[in-house]
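Peer 1: Okay, structure incoming, though there's no sequence with it:
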């Protein structure tokens, strides 16, 4: 997975549908969450930082975390371009690597369907959140596998009931869920809409 994302990183932001999607997602998030300058954010599986870079002016610090060096290079370039001082970059997989920080919020967008051990990762998120911390999960609703067209992807999206069960087992309480958004992707020359959810869960 890392090599695939490394090779696509330099042109990742050139897809206008990605830019529109991030705006739509952040519109939903900003209606549900009040940020302040004391908050520390982890953008997990950050890619080029499209989501996380909506936050530095609203919070105290944003940590961008990914396993793709190519994606993180783009994050670093944006840090220099925007001039943010409250941004850091970490190359890590929380299921394998230890990071010492804790956060007020963890965001992960279109990442967890690539992760086989969902339950293990949710436990790691719980561990790295402060008391009453928030996990915001943005991903595909259950689909038929057309989105990637690749049987090696461990999850073809997720069902709400499964996610709430896994989150509860990890120590979270789901406080918000919507599937009003869609993500567009070309499948066999046809542009298709895939339902996207935004789920917010609190460390209980």
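Peer 2: It's in. Given the structure is predicted, the values throughout are model-derived calculations rather than measurements.

Peer 1: Report all helices and strands that the helix or strand hosting residue 25 contacts.
Peer 2: Using DSSP states H and E, residue 25 sits in helix 16-32. Packing partners of helix 16-32 (3 or more CB pairs under 8 Å, 6 or more residues apart in numbering; DSSP states H and E): strand 103-109, strand 172-187, strand 190-203. From N, CA and C alone the C-beta is placed, and that goes for glycine too.

Peer 1: Residue 37 versus residue 66, what's the distance?
Peer 2: 25 Å (CB to CB, to the nearest Å).

Peer 1: Looking at those two, which is more packed in?
Peer 2: More neighbours surround residue 66 than the other of residue 66 and residue 37, with 26 against 10 (other CB atoms under 10 Å).

Peer 1: Residue 125 is in contact with residue 102, correct?
Peer 2: No. Assessed by CB atoms under 8 Å, residue 102 is found out of contact with residue 125, at 10.8 Å.

Peer 1: May I see the buried residues of the helix or strand just after the helix holding residue 25?
Peer 2: Note on helix 16-32: by DSSP H and E, the next helix or strand toward the C-terminus is strand 40-44. Using 16 or more other CB atoms under 10 Å as the test for burial, strand 40-44 gives 40-44.

Peer 1: and strand 40-44 with strand 103-109, angle?
Peer 2: Inter-element angle recorded for strand 40-44 and strand 103-109: 20 degrees (by axes from the mean of the first three to the mean of the last three CA atoms, to 10 degrees).
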